[in-house]
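In: quick check, what structure comes out for this input:
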Amino acid sequence: MNSFLDILVKYNDILNSFVWSKVGVWLLIATGILLTILTKAFQVTHFKHWMKKTVGSLFDSKVKGHTDDKASISQFQALCTALAATVGVGNIAGVAAAIMTGGPGAVFWMWVAAFFGMMTNYSENILGIYFRRKNHADEWSGGAMYYLEDGLGGYKGMKGLGKALAVIFAVCAALASFGIGNMGQVNKIVINFTSAFRIPALSDVVLYSTESGSVTLYMFLVGAVLMLVVGVVILGGLQRIAAVAEKIIPFMVVVYIVGALIIIFGNVTVIPHAFKAIFGMAFTKQAAWGGAAGITLKTIVTMGCKRGVFSNEAGLGSSVMVHSNSNVLEPVKQGIWGIFEVFADTIVVCTMTALTILTSGVINLETGEAVTDSDSTLVAEAFNSVFRIGNIELGRYFIALAILLFAFTTILGWSHYGSKAVEYLAGEKAPLVTKIYKVLFVFMILSGALMTSSIAWDISDTFNGLMMLPNLIGVISLSPLILKLTKNYTDRRIKGKTDVRPMLSHFPEIEEENIKKIEETGEE
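Out: Numbers count the residues shown, from 1 in each chain. Sure, this is the predicted structure:
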């Protein structure tokens, strides 16, 4: 068994390196740059507009209010469900791993990936709304598989390629949902929770041991509870997932940011040194950076971009599947929420984690020496630097709870992504197959709690990359349409032109229905 796992790890590493280092990262950045140029840097030139339509509209009942239409969820619920899947372990352990592997300079490349990723996510969401259609349950279904099949496949001679790439994307999304969206998240929850809130009577009962570690009764029980709670939510459908997400996400993000800001401003004199390290090591490494000895510029760029994508998922085509369930009629309006999603996830939350690590003293900015070799415990130590009462390490408890909530909501979000991918692959048998998928997804949670190896996480990382490639091909090929949709929106909604007909859907019958709704409701 061990020899099989060794072979699996070996070939997965080769494929992962090819997908991410040799192709994925560069295609990802190139796509973001292309879309930024085509839209005339929409994320910058229309900053005031998209902030007004996102943060500025959170108290608008049309945005936040629940919809009576069972086929959709509110724009705010769509955002929260998408953030539920993206704001996760990557915002804590992922950022720490990037810094420990690629040095502080990796944070700069996370920002670069996020800046251009805003327009990639924007474009994905536009296409998701434009090409969505109703499924067997009269719910909206959208995602990369649909704009690959109907968009790319709609070009002359591209039908076969579009369909093939759509199937590849859906298969990889379904498989990744079990790893990075399930077992990997659960494993992080269980390890951090049982370590922080140790109960000797349960922790000392070892169920079995492997070369990678031991599984205790405590881990099994935490996994079982998670399985039950997640099962209740997931089996209740998207409406229940969205309802849970909109309550947890705002709360946990605000609390985490407040905690991080207390540490950062508590070490305010170190902030300039932290930024100096980030910018100074973004293009070259200092010889003294012992913690990242031997790293190259390529490693710094790759780690920063890779962890940035792992955090905000821009370019994967994953969050499109829930944004497409929004009750919004205008594609670009949901695309704007995609910009905000990346901004909130990486520019805000990940930056808070990075500055917390770099200002708290848990890493020596001159030598690179860290107080621990574990990415998640590194952040816990950073919080312990301030949140500690005597020998009571409150920071460790805080991070354990943060990871619990972050990873829990990630599981919910990815369960929806996986079910949508399976729905596409199953075709007419979708009602039965998606139910089987959801039940299997719930049971796999317990497997994640009992894992002693990171192989599921590593393989899922590869599947993420394999999702990204067909999605980006689709987005690039449909960039002329993205430009048209953006211009159509800006002409009507920003420049105030009244003689421009809206572009709302690829399907004429949905287009006419949406235009009629806009005329009746006066929606802006």
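In: in stretch 269-281, which residues are buried?
Out: Neighbour counts using 16 or more other C-beta atoms under 10 Å place 270, 273-275, 277-278, 280-281 of stretch 269-281 among the buried residues. To be clear about C-beta, it is placed using only N, CA and C from the backbone, and glycine gets the same treatment.
In: what count of nearby residues applies to N192?
Out: Other residues within reach of N192 by the criterion other C-beta atoms under 10 Å amount to 25.
In: H136: which element?
Out: With the criterion set as DSSP states H and E, no secondary-structure element contains H136; it sits in neither a helix nor a strand.
In: and it, what does it touch?
Out: Under the criterion of C-beta atoms under 8 Å, 6 or more residues apart in numbering, the contact list for H136 reads 430-431.
In: do you know the pLDDT at G65?
Out: In this model, G65 is scored at 50, pLDDT.
In: my bad, should have said G90
Out: Note for G90: predicted pLDDT of 68.
In: do the one 5 residues further on as well
Out: At V95 the predicted local distance difference test score is 81.
In: figure out the helix or strand that it lives in.
Out: helix 93-102.
In: which of the buried residues of stretch 269-281 fall within helices?
Out: 273-275, 277-278, 280 (DSSP state H).
In: closest to I392 among the buried residues of stretch 269-281?
Out: Ranking these by separation from I392, with C-beta to C-beta as the measure, puts V270 on top at 24.7 Å.
In: just checking, the closest one touches T359?
Out: Yes: with the criterion set as C-beta atoms under 8 Å, V270 and T359 qualify as a contacting pair; they are 4.3 Å apart.
In: which of the buried residues of stretch 269-281 sits closest to T346?
Out: For the buried residues of stretch 269-281, the closest approach to T346 (C-beta to C-beta) belongs to I278, at 13.9 Å.
In: quick check, pLDDT for the closest one.
Out: 86.
In: quick one: it from Y437, how far?
Out: Taking C-beta to C-beta, to the nearest Å as the criterion, I278 is separated from Y437 by 42 Å.
In: equivalent analysis for L405, please.
Out: Taking C-beta to C-beta as the criterion, L405 is separated from Y437 by 25 Å.
In: can you tell me the helix or strand for V167?
Out: Taking DSSP H and E as the criterion, the element that holds V167 is helix 159-178.
In: packing partners of that helix?
Out: For helix 159-178, the helices and strands in contact under the criterion 3 or more C-beta pairs under 8 Å, 6 or more residues apart in numbering; DSSP states H and E are helix 144-146, helix 394-426, helix 430-449, helix 455-477.
In: out of the ones you listed, deepest packed?
Out: Among those, helix 144-146 has the highest mean neighbour count (mean count of other C-beta atoms under 10 Å), at a mean of 30.
In: which residues does that one contact?
Out: The set of residues external to helix 144-146 that reach it, using C-beta under 8 Å, 6+ apart, is 124, 127-128, 131-133, 166-167, 169-170, 317, 320, 421, 424, 467, 470-471, 474.
In: let's see it at 10 Å
Out: Contacts made with helix 144-146 from outside it, assessed by C-beta atoms under 10 Å, 6 or more residues apart in numbering, are listed as 124, 127-128, 130-133, 151-153, 162-163, 165-171, 173, 316-318, 320-321, 324, 420-421, 423-425, 467-468, 470-475, 506.
In: tell me where the stretch 101-250 of the chain has helices.
Out: Along the stretch 101-250 of the chain, the stretches classed as helices by DSSP state H, counting those that start in this stretch are 105-130, 144-146, 159-178, 184-196, 200-203, 217-234, 238-266.
In: using JSON lines, lay out those together with mean pLDDT.
Out: Written out in JSON lines, the entries for those read as follows (pLDDT from 0 to 100):
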{"stretch": "helix 105-130", "mean pLDDT": "89"}
{"stretch": "helix 144-146", "mean pLDDT": "93"}
{"stretch": "helix 159-178", "mean pLDDT": "92"}
{"stretch": "helix 184-196", "mean pLDDT": "84"}
{"stretch": "helix 200-203", "mean pLDDT": "86"}
{"stretch": "helix 217-234", "mean pLDDT": "90"}
{"stretch": "helix 238-266", "mean pLDDT": "83"}
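In: would you turn those into TSV with distance to E381?
Out: Putting these into TSV (distance: least, C-beta to C-beta, whole Å) gives the following:
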stretch	distance to E381
helix 105-130	18
helix 144-146	39
helix 159-178	30
helix 184-196	12
helix 200-203	21
helix 217-234	22
helix 238-266	11
